[in-house]
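A.B. asks: what shape does this take:
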Amino acid sequence: GQIPNIDFFTSIGPLGFYLTAGIQALFPQAQPALLANWAIVPISLPIAALIAWDIGARSRRLALAIVIPFLVLASLPINLHSLYPSPGFDGFGYYNRHVALLLYLLLAALLFVENRALLTALLAVLMTALFLVKVTGPASGAVLVGYALVAGRIRFRDAAIAAMAVIAILIAIELSTGVIYAYVEDVLILAMLNSASLLRRFLTLASIKFNVIAPCLMLFGVLLLAAWREKPSLAGLLASPLGWLAASLFALVLGETQNSGSLEFIGLWPVLILILREYYPRSNDRLRPYVLVLVMAASLPSAVIFLERGARAVIAAPRYQALHVPDVGPLGRVSLKPELAERASAQIDHYPKYNDAYEDLVRRGILPSATLFSEIDHQATWLLEVQQGIDAIRRWEAASGRQLNGFFALDFVSPFNHLLGRAAPLHVALGIDTERTNPKVTREMLEALRGIDALLKPKCPLEVKRAAIWQQFAQAREGRQLIALSPCWDMYLRQ
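C.D. replies: Next up, the predicted model:
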C-alpha cells in the first residue's frame, strides 16, 4: 500500500513498481526475476507493434529487423555483462534493462516512423515512460529527441506537442498523487550521493563495454572519412548515419554511466540498421567492406552474449537443484548447482561459529570476498538466512505470545514484512547501498522506525556494508532490548 518515492526512498521511478504489482496481481506465484523483467511488456509491446505497423507498410523486412531483436532482448532477464561464471539468469538491473529497451524503441521510432501523428504520440509515451522508470532514461532520450529536431527528422511543432503532452501527464500524476515532486527530490539526493563517482563510472563503462565502444569509434572514423570524401552539406551531415551514430553513442554513454547491470548499447542497433541500409547497396564503394565489418563487430558481441548466456542457463538447468526455502515464497524459487547449494548450507553453519574472524574483516574495511555479492553461493546463503529468520521469528512469537507489528532488517533489503504480512516502516530507503543509495537518517525516518517492533541484524556473514548500515541506524536501536533470535539474526525489540 505504500507509494514509491513518497513512503520510501528509492533510486528509481514509480512506474516499474506499479507495473510489477499489476502483473503480480494476475500471476501471484510468478518468479520475481521473470515478473520484474517482463513488467515493461504491457507498455513496450504495443509501442513495438505500432512501430512495426508503420514501417511494415513500406518494408516488411525492415520492420522485422527492428522488432525481432527487440523481442529477443526483452525475453529473458539477462544482463550483457556477466559478473559470475556459473550459468543462470540475472535478478538485478531490471529497471536498467527497461530503460535500454525503451531507448531502443525511441531510436527506432525517430529513425524509421514516417507518420507524423504516430511519431508524436510515440515520443510522448516513450519519454513519459522513460522518466517514470529511471531518470537516466529521459536524459538520454532528450539528447536523442533534440538531435532528431536539429537533424530534421521531427518538426519543432511536433516536438513541442510531445513535450507538452509529457508535461501534462506528469502534472496530472503529481496533482493526483504527489509522486513526481517526491521522485525529483529522491533523484537530487541520489545525485549528491553519487557526484564524486562519475569519472570512475565512465572509465568502468569504457572497460566493460570495450567490445561495443571500440568498434563504434572505428565505425565513426570510417564514416567520418566517407563524409570528408563526399563533403555533404551541414543538413545532410546531421541527417546522415554518421551524425546519428555520434548522437546515439553520446546519449547512451550518458545514461549507461549510472547503470549497474543492463542491456548496454542495444539502442545503437536501429542506427546500425540505418547504416546497413545505406552502405549495403554500395557495391562499388571502397569503404563498404569496412563499414559492414564494423557494423557486425559493434552488434554481434551483444547478440552473442545474450544468446550464449540464455542457452547456457537453459542447458544447465536440468542438473541444478532447488534451494529449500519453503517460507520465502516465489522469491525462493531458485535453483543452482548442487555443490553451490551444499556450500551455501555449510556457510550458514560456518558464519556464526567464526564471528570474530568476520568482525576483524569489518574492522579492516574489506569484504569476505571481493566479488561477494555476485557469487551465487552467497545469494543462496542470503535466502537460507532469510528462511532461518522467518523460522526464528515464528518461534519467538509463539513462545512470547506477541505478534510483532513489523520489521526493519539492517541490510540491503528487508523482505520480512512482505513474507509475513506485516506493516513496513515508512520513509526508509528501499535497497540500501552504503556507497550509492544511502541517504542520511532523518527525524521522520527515526519516528517511523520507533513505531516498528523489531529491528533485525543479519550476521551470516557479518560484513562491512551491513556493519555500516547497523552503525547508521544506531539512534533507532536506542532503548531496545537485544535478543539473540537465531545464530544468524539478532533482534532489537521495542519495549
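A.B. asks: which parts of the lowest-mean-pLDDT helix or strand in the chain are buried?
C.D. replies: Sorting the helices and strands of the chain by mean pLDDT, DSSP states H and E puts helix 198-208 at the bottom, at a mean of 82. Buried residues in helix 198-208, counted by 16 or more other C-beta atoms under 10 Å: Leu205. All C-beta spots, glycine's among them, are computed from the backbone N, C-alpha and C.
A.B. asks: stretch 182-194 now?
C.D. replies: Across stretch 182-194, burial judged by 16+ other C-beta under 10 Å covers Ala182, Tyr183, Asp186, Val187, Ile189, Leu190, Leu193.
A.B. asks: the fourth one and Val135 touch, don't they?
C.D. replies: Yes - shown here, Val187 and Val135 form a contact pair, counting by C-beta atoms under 8 Å, at 4.9 Å.
A.B. asks: list residues touching both of these two?
C.D. replies: Common neighbours of Val187 and Val135, using C-beta atoms under 8 Å, 6 or more residues apart in numbering, do not exist here.
A.B. asks: just for the stretch 101-250 of the chain, where's the confidence low?
C.D. replies: 194-198 (pLDDT under 70).
A.B. asks: burial count for the residue nearest to Arg58 when sequence neighbours are not counted?
C.D. replies: Leaving aside its sequence neighbours, Arg58 sits nearest to Glu114 (C-beta to C-beta, 6 or more residues apart in numbering; 7.3 Å). Look at Glu114: counted by other C-beta atoms under 10 Å, it has 10 neighbours.
A.B. asks: make 21 the starting number, not 1.
C.D. replies: In the new count, where the first residue is 21, that last one comes out as Glu134.
A.B. asks: can you tell me the SS state at Glu134?
C.D. replies: Glu134 falls in the coil class when you classify it by DSSP: H, G, I helix; E, B strand; the rest coil.
A.B. asks: ok, now how distant is it from Gly76?
C.D. replies: From Glu134 across to Gly76, the span is 12 Å (C-beta to C-beta, to the nearest Å).
A.B. asks: swap in Ala449?
C.D. replies: 45 Å.
A.B. asks: go ahead and confirm Leu482 touches Ala377.
C.D. replies: No - when contacts are counted by C-beta under 8 Å, Leu482 is not listed as touching Ala377 (9.1 Å).
A.B. asks: settle it for me: which of those two has more neighbours?
C.D. replies: Neighbour count, other C-beta under 10 Å: between Leu482 and Ala377, Leu482 has more, with 22 against 13.
A.B. asks: excluding its backbone neighbours, what's nearest the more buried one?
C.D. replies: Spatial nearest neighbour of Leu482, chain neighbours left out: Tyr378 (4.2 Å); criterion: C-beta to C-beta, 6+ apart.
A.B. asks: list the buried residues of stretch 436-456.
C.D. replies: Neighbour-count burial for stretch 436-456 flags 436-437, 439-440, 442, 444-452 (criterion: 16+ other C-beta under 10 Å).
A.B. asks: ok, those vs Tyr104, which is closest?
C.D. replies: Nearest to Tyr104, judged by C-beta to C-beta, of these is Gly451 at 19.7 Å.
A.B. asks: report the contact partners of the closest one.
C.D. replies: Thr30, Ser31, Phe432, Val433, Thr457.
A.B. asks: if we use 6 Å, what do you get?
C.D. replies: Contact partners of Gly451, counting by C-beta atoms under 6 Å, 6 or more residues apart in numbering, are Val433, Thr457.
A.B. asks: and Leu103, by the same measure?
C.D. replies: Ser394.
A.B. asks: give me the element it is part of.
C.D. replies: Secondary structure from DSSP states H and E places Leu103 outside every helix and strand.
A.B. asks: okay, the buried residues of stretch 436-456 in TSV with distance to Leu84 next?
C.D. replies: Shown next, in TSV, are the buried residues of stretch 436-456 (distance: C-beta to C-beta, whole Å):
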residue	distance to Leu84
Phe436	47
Asn437	46
Leu439	44
Leu440	48
Arg442	50
Ala444	46
Pro445	50
Leu446	48
His447	49
Val448	47
Ala449	44
Leu450	40
Gly451	38
Ile452	44
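A.B. asks: keep only those of the residues you listed that are in helices.
C.D. replies: The helices, defined by DSSP state H, take in Phe436, Asn437, Leu439, Leu440 from those.
A.B. asks: and the furthest pair within those?
C.D. replies: Asn437 and Leu439 (7.5 Å).
A.B. asks: so which helix or strand takes in the residue in the chain sticking out farthest from the centre?
C.D. replies: Here the chain reaches farthest from its C-alpha mean at Asn304, the gap being 44.3 Å by C-alpha atoms, centre = their mean. Following DSSP H and E, one finds Asn304 outside all helices and strands.
A.B. asks: any idea how far Ile26 is from it?
C.D. replies: 62 Å.
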